[in-house]
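Trainee: Coordinates for the following, if possible.
(one chain, ligands or ions: 1)
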Amino acid sequence: MDRYGSSKLARACSAREGSCGLMTKCRLGLVYMLLVANLSLLNKSLAQSNWSPDAKGLQALRVGVDVQGALTASWVGDDPCVNGPGKSTWQGITCNIRSRVDVVLLDNLNLTGTIPENSLSLLNEVKTITVSFNQLSGGIPNLSNCTSLLQLFLQSNQLSGQIPNFLAKSRRLLKLDLSRNNLDGPIPDVSGDSALVYLNVSYNSLNGSIPPLSNSKLRALDISNNNLQGEIPASLRNFTAEVFSGNNLLCGSPLPTDCASVLNPSAPPNPIFIPEGNAPSPGPAEAAEAGGERKKQKLGTGAVIAIVVGDTLVLVMLTVVFLIYYWRKYSKDVDEKPGMKGAAGDTKSNSGFSQSSAQLSSLKDSEAEISKLIFFDESQQRFELEDLLRASAEMLGKGSFGTAYKAVLESGMIVAVKRLRDLRTETSRSDFESHMELLGKLKHPNLVPLRAYYYAKEEKLLVYDYMSNGNLFSMLHVNIISLLCRESAGPRVEDFVQNVTDSIIWNRGSGRTPLDWTSRLRIAREVAIGLAYLHQEFESQKMFHGNIKSSNILVSKNYEICISDVGLVALMNPAIAAHRMAGYRAPEYNHTKRITHKADVYSFGVLLLELLTGRQPAQTHESQGNGVDLPKWVHSVVREEWTAEVFDLELKSFRHGEEEMVTLLQIAMACVTPNPEQRPRMPQVVKLIEEIRAADICETSESFDSQTQTADLTGHDSPFHL
Ligand SMILES: Nc1ncnc2c1ncn2[C@@H]1O[C@H](COP(=O)(O)OP(=O)(O)OP(=O)(O)O)[C@@H](O)[C@H]1O
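Mentor: This is a model prediction of the structure:
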């Protein structure tokens, strides 16, 4: 029947009458289809009408930006908070006790497109929205309905347009990060009763002058690398110059640029260069004045030329004298200290790279030509090797792989430069370059960004973002006494005083800003996330970090926790690094002489113990006390059931955190298990740490009250509470 039926239909289509019949059938079919479609739409909208407003908003967001479908699998059902407070089954969502969305955490999910207007704005109890490190474009939606919003993080996307005014007007918003987008227009002035404590709008194209932002609560600010102009308002002068750097037309304290030179740019064109016929004819008074002015300008121009020529000559002479002086000093140092080649500039000075320039000039032209600074990211602000050589440099420290410097370029930009030494002898130029290409591709908020490198026969430089808030080692162990000694008398006296201090006071002596528990937990979590990312990225190359320790955990100006020295072990003589990391070194290294991801897990475990106990692992820095074998020491204490005794005395006041501390201690002990096979993998470690405080991020907002308590307890404000 079917066989015939289809041929009948074909015949019917060819016949006129039949065709009319078919039309009728088709129409009926169409009506039927529409009916079905409408019914299913009706069903869907009936179902959607049952959706909670949060579900509606989130689904609208998903449809708008989740092109890759990262959220499709878990965002199902009509209510993300159907299971009550805590982490939702919907990825990235946490709910509050009223079963409303509290936190939206959608970082790093390859989200693209524009955030629809009626999406996030429906979440009217949301406290934290973070959709950073995606590829969102278009404008920032109006979130003025989100009246509970405390934190908004949209950094590292491609958002454009202006910063909406509602953000400035909000009285509840505490933290706003819109950095690394394509935003333009002015920075809106925050209202007097704004609660904003943290504002980061760096790396955009914002323009106009800086508003006074005179609300006294603002404690962390970053408006660097925009097109802002004019004088820095007096209300913001307590911030450091870095906060404003990379805005060429900004002036006034704390920037070194004097406003007179920026706000009154060069004198109007000299009238003697205006073609006579084109010059407007002045009136008699103007003519007299102009005559006088002309004379002044003629004289002024001559004087300016003389000054410029004179200055240039003096500058050239000074540079030559300077280069000769340092070149001689360099050669002398190298002669005096065999094996210290390349470290000649390792004194705290303003000329860290001067000898590099001498070395560079001694290179053959062909090599100098091909040896340039190679940048990885097109969108980053670039500079030349010459700019680096001209920069004032201050030594930050000597490590296993070379010496690190802070370099302040003439543009105001600050970078960290590492001069490598002791490269593996078999590392050729092309090996080095391809390794750098690999490292340049690593992008993660918990890794110190590598911006550029320089390769020449005698000099290898790596240029990193400068992390202005120091390292974890200093936060945990360095006290004022050791700092003073380091500045004035050198390492031996420092050792002496450190030993005396250690013997008087069990922990680290006075003079440190205590590091509270929440901050330590956050540091543990972020280092774990960074290391897990690294293991995943390095898996195919069978590469690992190989040098995880507290001096390699750096803190950026925005208090992001970043791992440094990524991928350097592969280039260097591994025995040197292994020697320097003694207290963090996995026991199996002694016989295998190999670094594996399990060895990184061990080092991370020791780092956790360091965070929990506040004690230095053995021989990390020979010059700063001997430290202890942390895993062994903790084992001995815990075996005797003095668990609480292992914790840092500074953590005593965080009574509520003790359960969390014990859980982190268990994770640490799992990481330092002697048998590498029994150690967890880093993604597992991340999960375990995140479970310690599942609603960690919600607590950030709620802990603002307890933050005041913490500050009272310790007597200091901890920036990590921000
Ligand atoms: N990008 C950076 N920004 C700010 N400070 C940095 C940066 N990189 C390194 N430092 C600092 O410079 C100093 C020397 O660092 P380096 O990594 O060379 O040695 P280390 O960490 O002490 O030892 P090792 O090389 O064995 O890891 C350290 O105090 C470190 O905190």
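
Trainee: so what are the domain limits for this protein?
Mentor: Residue ranges for the domains of the chain, per the TED database: 49-257, 371-466, 469-480+514-697.

Trainee: what about the ones you listed, which gets the closest to Leu315?
Mentor: domain 371-466 (10.7 Å; Cβ to Cβ). C-betas here are computed from N, CA, C, even on glycine.

Trainee: ok, the closest one near the ligand or not?
Mentor: Yes. Shown here: domain 371-466 in contact with the ligand (Cβ under 6 Å from any ligand atom) through 396-397, 399-401, 404, 416, 418, 448, 464, 466.

Trainee: If you average the pLDDT over that domain, what comes out?
Mentor: The pLDDT scores in domain 371-466 average 87.

Trainee: still on that earlier bit, got a ChimeraX select line for the buried ones in the residues of domain 371-466 next to the ligand?
Mentor: Command for ChimeraX that selects the buried part of the residues of domain 371-466 next to the ligand, burial taken from 16 or more other Cβ atoms under 10 Å:
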select :396,399,400,401,404,416,418,448,464,466
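
Trainee: Of the residues of domain 371-466 next to the ligand, which is the nearest to the ligand?
Mentor: Using Cβ to the nearest ligand atom, Gly399 is the member of those that sits closest to the ligand, with 2.1 Å.

Trainee: beta partners for the closest one?
Mentor: Note on Gly399: beta-bridge partners Gly402, judged by DSSP bridges.

Trainee: Among the domains of the chain, which comes closest to Leu313?
Mentor: Of the domains of the chain, nearest to Leu313 by Cβ to Cβ is domain 371-466, at 17.4 Å.

Trainee: how close does Asn145 get to the ligand?
Mentor: 41 Å (Cβ to the nearest ligand atom, to the nearest Å).

Trainee: wait, doesn't that residue sit right on Leu120?
Mentor: No. Look at Asn145 against Leu120 with Cβ atoms under 8 Å: they stay out of range, at 9.1 Å.

Trainee: Neighbour count for those two, which is higher?
Mentor: More crowded of Asn145 and Leu120, by other Cβ atoms under 10 Å: Leu120, with 26 against 17.

Trainee: those helices in the stretch 501-650 of the chain, which residues are they?
Mentor: 517-538, 574-580, 589-592, 597-613, 630-639, 643-646 (DSSP state H, counting those that start in this stretch).

Trainee: export those to CSV and tack on distance to Pro680 and mean pLDDT?
Mentor: Converted to CSV, the helices of the stretch 501-650 of the chain look like this (distance: least, Cβ to Cβ, whole Å; pLDDT from 0 to 100):
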stretch, distance to Pro680, mean pLDDT
helix 517-538, 10, 94
helix 574-580, 23, 70
helix 589-592, 19, 84
helix 597-613, 7, 95
helix 630-639, 15, 83
helix 643-646, 20, 76
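
Trainee: Please identify the most buried of those.
Mentor: helix 597-613 (a mean of 25; mean count of other Cβ atoms under 10 Å).

Trainee: do that one and the ligand meet at all?
Mentor: No. No part of helix 597-613 sits near the ligand under the criterion Cβ under 6 Å from any ligand atom; the closest distance found is 11.1 Å.

Trainee: Now do that helix: which elements does it pack against?
Mentor: helix 472-477, helix 517-538, helix 630-639, helix 658-671, helix 682-692 (3 or more Cβ pairs under 8 Å, 6 or more residues apart in numbering; DSSP states H and E).

Trainee: Endpoints of stretch 448-462, how far apart?
Mentor: End-to-end span of stretch 448-462 (Cα to Cα, to the nearest Å): 12 Å.

Trainee: in stretch 648-663, what counts as buried?
Mentor: Residues 648, 650-651, 653-654, 657, 660-663 are the ones in stretch 648-663 that count as buried (16+ other Cβ under 10 Å).

Trainee: if we can go back for a sec, the helices of the stretch 501-650 of the chain: which one's closest to Ile553?
Mentor: Ile553 lies closest to helix 517-538 among the helices of the stretch 501-650 of the chain, at 5.8 Å (Cβ to Cβ).

Trainee: still on that earlier bit, as TSV, the domains of the chain with distance to Leu315 would be great.
Mentor: Formatted as TSV, the domains of the chain follow (distance: least, Cβ to Cβ, whole Å):
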stretch	distance to Leu315
domain 49-257	17
domain 371-466	11
domain 469-480+514-697	32
